[in-house]
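A.B. asks: Have a look; sequence and predicted model below, questions after that.
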Amino acid sequence: MNNKMNFSGGPGALPAEVLLETARAVEALPETGISVLGMSHRSAWFRGVLDEAESNLRTLLHIPEDYHVVFLQGGGSLQFAMVPMNFLRGANRHAEYIVSGYWSAKAEKEGKFEGETRVVWDGKAAGYTRLPGLKDLHLSPDAACLHYVSNETVEGLEFSWVPGLEGVPLVCDMSSNILAAPCEVEKYSLIYAHAQKNLGPSGVTVCILEDDF
Ligand SMILES: Cc1ncc(COP(=O)(O)O)c(C=O)c1O
């Protein structure tokens with residue numbers, strides 16, 4: 001199979017066996033004789049696909065029981081808006097953002113539509129060439145949440161540590177480094193990642209949410 005690697009800032013190549021299995025499933029599923037595209041998304045068979053995907057993710061990332069895993073549409077960009085819609089609107093508190101590159105700047109811009117945002121670190125003046133250390137961040141304990149991007153895809157800046165303050169919900173866009181290394185899910189209230197870089201084809205976004213949040 002001629003499945004060339006894509007090194008541009010877009011979807012990663014899926015393994016050949018995944019593509020072959022998908023191609024067979026689009027034609028007709030061996031178990032049912034129906035194309036996966038013609039199968040009801042509410043059927044028990046398809047529920048099994050979703051359950052298996054969730055269970056694999058839970059195993060690989062050691063996701064605790066008190067976290068939900070949801071598969072959504074709209075990509076990483078919709079999460080830039082959905083997060084403040086859900087957790088900043090009407091909160092009477094501000095949200096904090098680490099602006100470390102192109103994508104976190106976009107996220108902060110969306111936050112402003114829903115309430116007060118505070119940029120706790122901004123790498124723009126330095127041309128987004130470095131990330132902050134713990135002492136660079138001035139975090140407040142009463143923030144509604146702290147948002148950051150663990151790997152700035154455009155600039156190629158990846159956090160090697162987890163920022164945050166005890167008691168402040170931590171929200172992270174892991175679109176371009178989820179599953180690249182183990183991650184301590186319990187440090188986060190919400191992790192989101194679009195699928196197309198590290199997990200699968202574009203069109204699916206995964207959110208891992210702490211139930212309390
Ligand atoms: C870290 C990061 N967040 C968000 C996005 C935007 O996601 P989407 O294109 O799925 O809206 C991208 C790139 O596409 C990204 O690399």
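C.D. replies: Noted; the coordinates are in hand. Numbers count the residues shown, from 1 in each chain.
A.B. asks: tell me which element the closest residue to residue 85 other than its chain neighbours is part of?
C.D. replies: Using C-beta to C-beta, 6 or more residues apart in numbering and skipping residues adjacent in sequence, the residue nearest residue 85 is residue 114, 5.8 Å away. Glycine gets a C-beta too; all of them are placed from N, C-alpha and C. In the assignment (DSSP states H and E), residue 114 maps to no helix and no strand.
A.B. asks: all strands for the protein, in order.
C.D. replies: Ranges of strands within the chain are 67-72, 95-99, 117-122, 145-149, 151-152, 157-158, 170-173, 190-194, 205-210, based on DSSP state E.
A.B. asks: Measure how the second one sits relative to strand 145-149, angle-wise.
C.D. replies: Here strand 95-99 runs at 20 degrees with respect to strand 145-149, directions being taken by axes from the mean of the first three to the mean of the last three C-alpha atoms, to 10 degrees.
A.B. asks: among the strands of the chain, which is nearest the ligand?
C.D. replies: strand 190-194 (3.6 Å; C-beta to the nearest ligand atom).
A.B. asks: how about the residues of this structure near the ligand?
C.D. replies: 75, 76, 77, 103, 149, 153, 173, 175, 176, 194 (C-beta under 6 Å from any ligand atom).
A.B. asks: Please identify the one among those that lies nearest to residue 52.
C.D. replies: Nearest to residue 52 among those, counting by C-beta to C-beta, is residue 194 at 20.1 Å.
A.B. asks: Quick check: bridge partners of the closest one?
C.D. replies: For residue 194, the beta-bridge partners under DSSP bridges are residue 205.
A.B. asks: How is the protein divided into domains?
C.D. replies: 16-45, 62-210 (automatic domain parsing).
A.B. asks: ok, residue 61 to residue 50 distance?
C.D. replies: With distances taken as C-beta to C-beta, to the nearest Å, residue 61 is found 17 Å from residue 50.
A.B. asks: actually residue 167, not the one I wrote
C.D. replies: From residue 167 to residue 50 the distance is 33 Å (C-beta to C-beta).
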